[in-house]
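S.K.: Quick one, fold the following:
(2 chains)
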Amino acid sequence: MNWPQFWQYTAANALLGILPAVVGLAISVPIGIACVRWRWLYGPVLSATSVVYAIPSLALFVVLIAYTGLSNLTVIIPLTLFSLCVLVPNVVDGLRSVPEPVRQAATAMGFGTLRRLVQVELPLAVPIVIAGLRIAVVSSISLASVSGLIGVASLGYFFIDGLQRNFNEEIYAAIVAVIGLALACDLILVLARRMLTPWSRKPGGRATVNAEGAQLLQEPAI
Amino acid sequence: MITFDSVTKRYPDGTVAVDALDLEVPPGKTMVLVGPSGCGKTTSLRMINRLIEPSEGKIFLDGRDIQEANPSTLRRGIGYVIQQTGLFPHRTIEDNIATVPLLDGWGKAKARARATELMELVGLDLGMARRYPHQLSGGQQQRVGVARALAADPPVLLMDEPFSAVDPIVRAALQDELIRLQGELHKTIVMVTHDVEEAIKVGDIVAVFRPGGHLAQVDTPEHLLGAPADDYVEGFIGFDRGIRRLSFFSAVGLDLEFDAVLGEDATVDEARAFSQRGGHPWVLVLDAERRPRGWVSAAELAPLPGTGRLGQAPLASVGHTFRPAQDSLRVALDATVLSRTERAVAVDENGHVIGVTSYERLRDAIRAAEEAADDALAQGAAT
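M.R.: Okay, here's the model as predicted:
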């Protein structure tokens, strides 16, 4: 087994998984904001992302080869489009999860629309957006391996190579690597969410904070 | 000063929430808008900081049309407190309170120092500064809401059912706190509530709304209880307005008796003589400091030797006392009703007994106070 090649392809697979989710997030935030601002937009956008998601990834790869050749872009563009199907609804749900009294209080305190969005609504949307990002990253990492079929460097190469050469260990190693990548990215995102949202209530989670909160509630309020 | 000049709010579906409202909120006063749900009180409040725009008419803040102001600038000069607090879940308590100063471009350090000041002002433990809103109780959150509204020292404060979501004991404490704060700060406050008790307790002026966005009566709480404009207002205020009105009459004018009051060293014979002379079976026994020790009845005295000291006799509890200098006739009446002797004990600020009430004296005092108030009303109406 060619380990240097294996690690190189693992790194390539990680890049092909993470980059689409990141680019997808960058695209989903403005689209999501627009869908919350203009409600009529959300239906058509949702249909469009679902239709795109229904296209088999291999078909999109093949179509794109004509334009972008056998480069990473041929993989990144379809996976980015697929991630929108998860990320746009999560950005919309995240923004809609901001309680109306909070939004109203922000307006009444004198926040302008943009400032309210940046300082209040987007930070409060973070937990739900990251939940979507976790799904997007994991599914992109997994889908990226399909690109092995068109000859783009990824862990998918070892599935095909292993099959052709009847070399099962190679297939198992690649499967473990895909799962390991997905778990690692997921863990990083969970940690990122904890760091970004120290304020969020975690029922049953961090016991110390909950115990403290419960104790506070029992104190006389006056 | 906030002035509504013939303000109407009509929604696209034709619903009229507020109908040609004329209203003036004097500077430094607390005006409470009260009425059943759907009467337009909250809509009226939200038109002041332009969360809702009127369909017709104008609103002036200190003589300036609020339509001509930039909404964000206008709002930073108007504190806003709501029932659900609307605190920012992702910001610490101190940063929540510092919201408007930060928006106004104060430095972070200065804004936080101001937040600390306000936490002290509204009675929040400074240890909470770095906590997040969900770690606080409802009452504490509401205090943070008030502190946040006051942070940039706006002259006007709008409060939309601020205390409706907390339990009655906390609510009463928050109301007292608001009254105390207003005594120090003299803001122009407009508060919305559906609780007429709260309106009467907190308001300098109460505006009673009728369904359909009309004003039924705008008056001081005392006048509202004494002279409701019509059956609607009377019904809305509730059935025991006569008793509640007594809250506004001082007990200073109440005549007190001192003829059935004896020291603990007095003899049983003296007490018998007192109670026979006064025709009342109870005698109040004081300690050496002239503080009330308890009541003793003629029946309890009967078996005792005439030369015994009252201090040794079995005494019934004094119950609630009242202080005529600061309490109302309602407190005096309440103390009397609760007392099994049909008398309540009046004390001065040191707890020394200054006399005893009776129903007869209370009745006279109430009648005199009501007549004086009615005269004042009639004169007010005449001028």
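S.K.: neighbours around the closest residue to chain A within the stretch 101-250 of chain B, how many?
M.R.: Closest to chain A within the stretch 101-250 of chain B is residue B:139: 3.0 Å, counting by C-beta to the nearest C-beta. From N, CA and C alone the C-beta is placed, and that goes for glycine too. Neighbour count for residue B:139, taken as other C-beta atoms under 10 Å in any protein chain shown: 21.
S.K.: Please tell me I have it right and it contacts residue B:165.
M.R.: No: the criterion here is C-beta atoms under 8 Å, and residue B:139 misses it with residue B:165 at 9.7 Å.
S.K.: Got the confidence number for the residue of the stretch 101-250 of chain B closest to chain A?
M.R.: At residue B:139, the model reports a pLDDT of 91.
S.K.: That one belongs to a helix?
M.R.: Yes: the assignment for residue B:139 is a helix, going by DSSP: H, G, I helix; E, B strand; the rest coil.
S.K.: any idea how far it lies from residue B:177?
M.R.: 10 Å (C-beta to C-beta, to the nearest Å).
S.K.: where does the residue nearest the centre of chain A land in three-state SS?
M.R.: The residue lying closest to the centre of chain A (C-alpha atoms, centre = their mean) is residue A:133, at 2.2 Å. Classification of residue A:133 using three-state DSSP returns helix.
S.K.: Do you know the pLDDT at it?
M.R.: 96.
S.K.: I'd say it and residue A:23 touch.
M.R.: No: contact criterion C-beta under 8 Å: residue A:133 and residue A:23 do not qualify, at 11.9 Å.
S.K.: Indicate whether stretch B:54-70 makes contact with chain A.
M.R.: No: counting by C-beta under 8 Å from any C-beta of the partner chain, chain A has no neighbours in stretch B:54-70; the shortest distance is 9.4 Å.
S.K.: Next, the residues that contact that stretch from outside, please.
M.R.: B:1-10, B:18, B:20-21, B:27, B:47-48, B:50, B:74, B:78, B:155-156 (C-beta atoms under 8 Å, 6 or more residues apart in numbering or on different chains).
S.K.: what about burial for those residues, which qualify?
M.R.: Neighbour counting by 16 or more other C-beta atoms under 10 Å in any protein chain shown classes B:2-5, B:7-9, B:18, B:21, B:47-48, B:50, B:74, B:78, B:155-156 among the contacts of stretch B:54-70 as buried.
S.K.: and the nearest residue to residue B:238 once chain neighbours are set aside, what does it touch?
M.R.: Closest residue to residue B:238 apart from its sequence neighbours, by C-beta to C-beta, 6 or more residues apart in numbering or on different chains: residue B:196 at 6.3 Å. Residues in contact with residue B:196 (C-beta under 8 Å, 6+ apart) are B:34, B:236-238.
S.K.: Which of the residues you listed are buried, as a ChimeraX select command?
M.R.: Buried subset of the contacts of residue B:196, written as a ChimeraX selection, criterion 16+ other C-beta under 10 Å:
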select /B:34,236,237
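S.K.: Tell me which of the contacts of residue B:196 has the lowest pLDDT.
M.R.: residue B:238 (80).
S.K.: In chain A, where's the longest helix?
M.R.: Counting residues, the longest helix found in chain A (DSSP state H) is helix A:3-37.
S.K.: Then chain B?
M.R.: helix B:359-382.
S.K.: Can you work out which other helices and strands pack against that one?
M.R.: Applying 3 or more C-beta pairs under 8 Å, 6 or more residues apart in numbering or on different chains; DSSP states H and E, we find helix B:359-382 packed against helix B:221-226, helix B:329-338.
S.K.: got those as JSON lines, with mean neighbour count and mean pLDDT columns?
M.R.: Output for the helices and strands packed on helix B:359-382, formatted as JSON lines (neighbours: other C-beta atoms under 10 Å in any protein chain shown; pLDDT from 0 to 100):
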{"stretch": "helix B:221-226", "mean neighbour count": "22", "mean pLDDT": "89"}
{"stretch": "helix B:329-338", "mean neighbour count": "20", "mean pLDDT": "90"}
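S.K.: In a markdown table: those helices, plus distance to chain A.
M.R.: Shown next, in a markdown table, are those (distance: least, C-beta to the nearest C-beta, whole Å):
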| stretch | distance to chain A |
| --- | --- |
| helix B:221-226 | 24 |
| helix B:329-338 | 21 |
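S.K.: what does chain B have sitting close to chain A?
M.R.: Checking chain B against chain A by C-beta under 8 Å from any C-beta, the hits are B:49, B:51, B:72-76, B:78, B:80, B:82-92, B:99-100, B:103, B:123, B:131-140, B:148, B:158, B:166, B:169-170, B:173.
S.K.: before we move on, the earlier item: which residues touch the longest helix of chain B?
M.R.: Residues contacting helix B:359-382 (C-beta under 8 Å, 6+ apart): B:222-223, B:226-227, B:245-246, B:248-251, B:253-257, B:329, B:332-333, B:336, B:342.
S.K.: where does the chain dip in pLDDT?
M.R.: All of this refers to chain A. The model of chain A has pLDDT under 70 over residues A:201-222.
S.K.: if you could check chain B rather than the one you did, that'd help
M.R.: Using pLDDT under 70, chain B drops low at B:381-383.
S.K.: got the domain boundaries for it?
M.R.: What the record gives for chain B is the domain set B:2-239, B:252-365, from automatic domain parsing.
S.K.: from those domains, which stretch is densest packed?
M.R.: Greatest average neighbour count among the domains of chain B goes to domain B:2-239 (a mean of 19), per mean count of other C-beta atoms under 10 Å in any protein chain shown.
S.K.: I'd like to know how far the closest residue to residue B:327 other than its chain neighbours sits from chain A.
M.R.: Distances taken as C-beta to C-beta, 6+ apart put residue B:251 closest to residue B:327, at 5.0 Å, once the chain neighbours are dropped. Going from residue B:251 to chain A by C-beta to the nearest C-beta, to the nearest Å gives 27 Å.
S.K.: these two touch, right, residue B:251 and residue B:321?
M.R.: No: judged on C-beta under 8 Å, residue B:251 makes no contact with residue B:321 at a distance of 11.6 Å.
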